[in-house]
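Visitor: model this:
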Amino acid sequence: MPELPEVETTRRGLIPWMRGATIADLIVREPRLRWPIPADLAVRLRGRVVTDLTRRGKYLIVSLDKGALIVHLGMSGSLRVVAPGLAPGPSEPFDLVLAGASAMAVRMRDPRRFGALLFSEDPLRHPLIAPLGPEPLEPGFDGAYLRARSRGRTIAIRDLLLNGHIVAGIGNIYANEALFEAGIHPGRAAGRIGADRYEALAQAVIAVLSRAVEAGGTTLKDFAGSDGRPGYFQLQLRVYGREGRPCPRCTTPIARLSGGGRSGYYCPKCQR
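Guide: Sure thing, here's the model as predicted:
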């Protein structure tokens, strides 16, 4: 699933094309995404000007001169800049056509149809956005915050990091990598981790996400940036998806932990 670094990579790639552009049209080929694309959305968007592109967790927010679009890439989606006349593929549900100097289209590719294209007058108050926790790459996220939110909880620390109401957008890949960097077992109860280790974990989350953004995200199967290029952070993965391979610190074979519908990866010796 595209996580914070992949969405941030997409946002950065689209800014030069979209900021300041006028929307000429919305061409919908398949409205049945995770939430149906409203039938009147094209009419509402024509002539609107894109004023900014921001991100909240795993959601891309396209601010307009009136209202905003909320875009989610789903399980394996991507947004790419293409020529407006380029023939679409079978898994490309819509094009957002830009007028003026851009004269390009932003095309969604979404093989599993778990993505979303929604309109909101006030996106930060939208039910999908409003409950999200702080951004891990912005002020307000630190070890003291994580520790305060963990008190009395028996939930595993990896699952705490994946809770978007506690911290927005981390995702499973980056939670596993940050826990390895901080030396914390992914199955350890969140309420049984001390202040010093939480500070180390917060710093590891920030470091891992920052490196991933600079590398353009992680491509394990389908993700590509707005220019169609894959992300390269998978070359830096130290534990995720490396079951049975030697730990880069101590050579102990990496183990896999199942739970919550997602696999966790860790070193049995380095992480406790």
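
Visitor: need the contact list for Asn176.
Guide: By CB atoms under 8 Å, 6 or more residues apart in numbering, the contact set of Asn176 is 158, 186, 239-240, 264-266. (Each C-beta comes from the backbone N, C-alpha and C, glycine too.)

Visitor: could you redo the last one with a cut-off of 6 Å?
Guide: By CB atoms under 6 Å, 6 or more residues apart in numbering, Asn176 lies in contact with 239-240, 264-265.

Visitor: looks to me like it is in a strand.
Guide: No: if the criterion is DSSP: H, G, I helix; E, B strand; the rest coil, then Asn176 is helix and not within a strand.

Visitor: show the pLDDT at it.
Guide: At Asn176, the model reports a pLDDT of 95.

Visitor: and if you look at the one 3 residues further on?
Guide: Here the pLDDT value assigned to Leu179 is 98.

Visitor: swap in Gly100?
Guide: pLDDT recorded at Gly100 is 70.

Visitor: the one 3 residues further on now?
Guide: In this model, Ala103 is scored at 79, pLDDT.

Visitor: and the one 5 residues further on, by the same measure?
Guide: Here the pLDDT value assigned to Met108 is 95.

Visitor: again, but for Thr9
Guide: What the model reports for Thr9 is a pLDDT of 89.

Visitor: what about the helices in the stretch 101-250 of the chain?
Guide: Here the stretch 101-250 of the chain has its helices, by DSSP state H, counting those that start in this stretch, at 143-150, 157-162, 172-182, 195-214.

Visitor: for Ala68, find the nearest of these.
Guide: Of all the helices of the stretch 101-250 of the chain, it is helix 195-214 that lies closest to Ala68, at 22.5 Å by CB to CB.

Visitor: so which elements touch the helix or strand just after the closest one?
Guide: Note on helix 195-214: by DSSP states H and E, the next helix or strand toward the C-terminus is strand 255-259. Applying 3 or more CB pairs under 6 Å, 6 or more residues apart in numbering; DSSP states H and E, one finds that strand 255-259 contacts strand 262-266.

Visitor: may I see the buried residues of the strand it packs on?
Guide: 262, 264-266 (16 or more other CB atoms under 10 Å).

Visitor: before we move on, back to that, so which of the helices of the stretch 101-250 of the chain is the most packed in?
Guide: helix 172-182 (a mean of 25; mean count of other CB atoms under 10 Å).

Visitor: quick check: angle from that helix to strand 255-259?
Guide: 130 degrees (axes from the mean of the first three to the mean of the last three CA atoms, to 10 degrees).
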